[in-house]
Each structure stands twice: as structure tokens, then as C-alpha cells.
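>>> one predicted model, sequence on top.
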Amino acid sequence: MDRPETEVVIGSLGLKGNLVAPLEGFGLVLFAHGSGSSRLSPRNRFVAEGIREAGLGALLFDLLSDEEAADRRNVFDIALLARRLAYAADWVRAEPSLRDRRIGFFGASTGAAAALVAETLSPHPVAAIVSRGGRPDLAGEALARVRAPTLLIVGGDDGPVIDLNRRAFEALVCERELTIVPGAGHLFEEPGTLDQVVRLARDWFAPRLRGRA
């Protein structure tokens with residue numbers, strides 16, 4: 001039986017979220033969506049449903065309030081988005097049913113940079129990071145400080161972003177992998193390409209998010 005999805009509010013900032021709790025012995029993936037998106041992103045929700053099949057939990061939440069999102073400058077403020085993701089990790093650690101679960105970050109587009117920077121800000125260990133069609137290069141100098149095993153997934157037809165991911169890959173000094181999905185564009189809208197993202201993310205997260213934090 002599929003686990004229920006619960007609407008939650010992340011801390012005093014009142015950020016809206018949707019949580020599916022992990023099975024016993026498994027960790028939780030926090031999703032950082034890209035610019036112009038939200039916790040209702042159909043692609044992130046598709047990935048979340050896929051990784052839940054491995055027993056993992058998923059937390060999709062809005063990184064910005066409605067008022068903040070109305071200012072386009074906030075949508076591209078990587079430092080702000082990273083602080084919000086780190087804040088969500090604080091919230092997870094304060095929840096009695098989640099505080100001993102391992103944490104992973106999944107970022108798309110600008111959310112990938114936010115996930116990488118957040119890992120360097122959070123006092124809580126992050127077990128793994130996955131980027132889908134992301135802009136990890138926007139993490140800048142933080143890339144060299146990332147310690148969590150990191151998987152960069154890029155579409156084979158997303159030429160400029162491939163080059164940016166290769167540069168970010170070289171700047172990372174943690175355990176890392178760069179995977180290019182043939183025939184996929186930036187949004188992975190081509191048939192079967194998002195299914196490959198699910199498989200890659202699940203295989204990356206599952207072994208690293210087992211056990212207790």
C-alpha cells in the first residue's frame with residue numbers, strides 16, 4: 001500500500017510542504033525545485049514517487065513564500081534558496097518521527113546549486129545529493145566544500161548545461177559522478193528520459209540513505 005502524503009508547514013516561515021514519510025530504516029529526500037517552480041512541480045513529484053518505491057521518504061516544499069516568489073530576484077537568489085533548504089533540514093531534525101533519519105537533497109535547475117550550497121551550510125550531515133538538469137556551477141566556491149556524494153544528471157541534448165556541469169564536476173572534491181542521459185533535453189520531457197532520472201536517483205540515494213543518522 002502506498003504511503004499517505006501529508007501537508008506540512010515548515011517552521012515559523014510558514015513554507016508549505018508535502019511529506020511522504022520513509023519506511024523504517026530509510027531516509028528522507030528533500031527536494032529543491034528550480035526557478036519559477038514550486039512543491040507541485042510535476043517532474044519533481046514524478047521523481048519523488050519513484051524514489052518512494054525504494055522505501056525512501058520525500059519532502060517537497062516551497063522555498064519561498066507567495067510574497068517572496070512574486071519578486072523574481074528571489075527566485076534566482078541561490079544564497080537565499082540554500083538557507084531555506086538548510087532551514088528545512090533543521091525542521092526535519094526537530095520532528096520526532098524524522099530526527100534520526102538520514103537526509104538527501106535533490107535539486108533541479110537553480111535548485112541544484114541551492115542543494116550544494118545548503119549542504120555546506122547545514123550542521124546536519126547530508127548523505128547524498130542528486131542534481132537533475134541543474135546549474136551546479138552557480139554554487140561557485142561552495143563546490144569545493146561539498147562533502148556529500150553528488151550525482152549530476154544532464155540531458156544529452158542540453159549542450160550548454162552539459163559544459164557547465166562538467167566544470168562543476170571538476171570543482172567538486174567529494175565522491176561524485178556525472179551521468180548524461182542520451183536524447184534528453186533540459187526538462188527531460190522526451191519519452192522515457194525522466195524514468196531514467198528516477199532510476200539513477202533511486203540507485204544513488206537508496207544505499208546511502210539506509211540506516212540511522
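Noted; the coordinates are in hand.

>>> state the distance from the residue nearest the centre of the chain to Leu56.
Centroid-nearest residue in the chain, with Cα atoms, centre = their mean: Phe106, separated by 1.5 Å. Distance from Phe106 to Leu56, counting by Cβ to Cβ, to the nearest Å: 10 Å. Bear in mind the C-beta positions are built from the backbone N, C-alpha and C, glycine included.

>>> which residues do these two both contact?
29, 205 (Cβ atoms under 8 Å, 6 or more residues apart in numbering).

>>> so what's the residue nearest to the centre of the chain up against?
By Cβ under 8 Å, 6+ apart, Phe106 lies in contact with 29-32, 44, 47, 115, 129-132, 201, 205.

>>> lowest pLDDT pick from these?
Here the lowest pLDDT out of those sits on Asn44, with 88.

>>> now do the contacts for it.
Counting by Cβ under 8 Å, 6+ apart, Asn44 has contacts 31, 33, 37, 60, 106, 108.

>>> doesn't Ala48 make contact with the first one?
This points to Phe31. Yes. Assessed by Cβ atoms under 8 Å, Phe31 is found in contact with Ala48 at 6.4 Å.

>>> which neighbours do the two have in common?
58, 60.

>>> re earlier: just the buried residues of the contacts of Phe106.
Buried subset of the contacts of Phe106 (neighbour count, 16 or more other Cβ atoms under 10 Å): 29-32, 44, 47, 115, 129-132, 201, 205.

>>> narrow those to those in helices?
Residues of these located in helices (DSSP state H): 44, 47, 115, 201, 205.

>>> which one of those sits closest to Glu67?
Using Cβ to Cβ, Asn44 comes nearest to Glu67 of these, at 22.3 Å.

>>> hmm, back to that, want to throw the contacts of Phe106 into JSON lines with distance to Pro22?
Converted to JSON lines, the contacts of Phe106 look like this (distance: Cβ to Cβ, whole Å):
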{"residue": "Val29", "distance to Pro22": "9"}
{"residue": "Leu30", "distance to Pro22": "12"}
{"residue": "Phe31", "distance to Pro22": "14"}
{"residue": "Ala32", "distance to Pro22": "18"}
{"residue": "Asn44", "distance to Pro22": "17"}
{"residue": "Val47", "distance to Pro22": "15"}
{"residue": "Ala115", "distance to Pro22": "18"}
{"residue": "Ile129", "distance to Pro22": "17"}
{"residue": "Val130", "distance to Pro22": "16"}
{"residue": "Ser131", "distance to Pro22": "21"}
{"residue": "Arg132", "distance to Pro22": "20"}
{"residue": "Ala201", "distance to Pro22": "15"}
{"residue": "Phe205", "distance to Pro22": "11"}
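
>>> between those, which is closest to Arg93?
Leu30 (11.4 Å).

>>> isn't that closest one up against Gly107?
No. Between Leu30 and Gly107 there is no contact under Cβ under 8 Å: 9.3 Å.

>>> got the phi and psi for the residue nearest to the centre of the chain?
Phi and psi for Phe106, reported as degrees, to the nearest 10, are phi -120, psi 120.

>>> the one 4 residues further on now?
Here is the backbone geometry of Thr110 (degrees, to the nearest 10): phi -70, psi -20.

>>> distance of it relative to Cys174?
Thr110 is 20 Å from Cys174, where distance means Cβ to Cβ.
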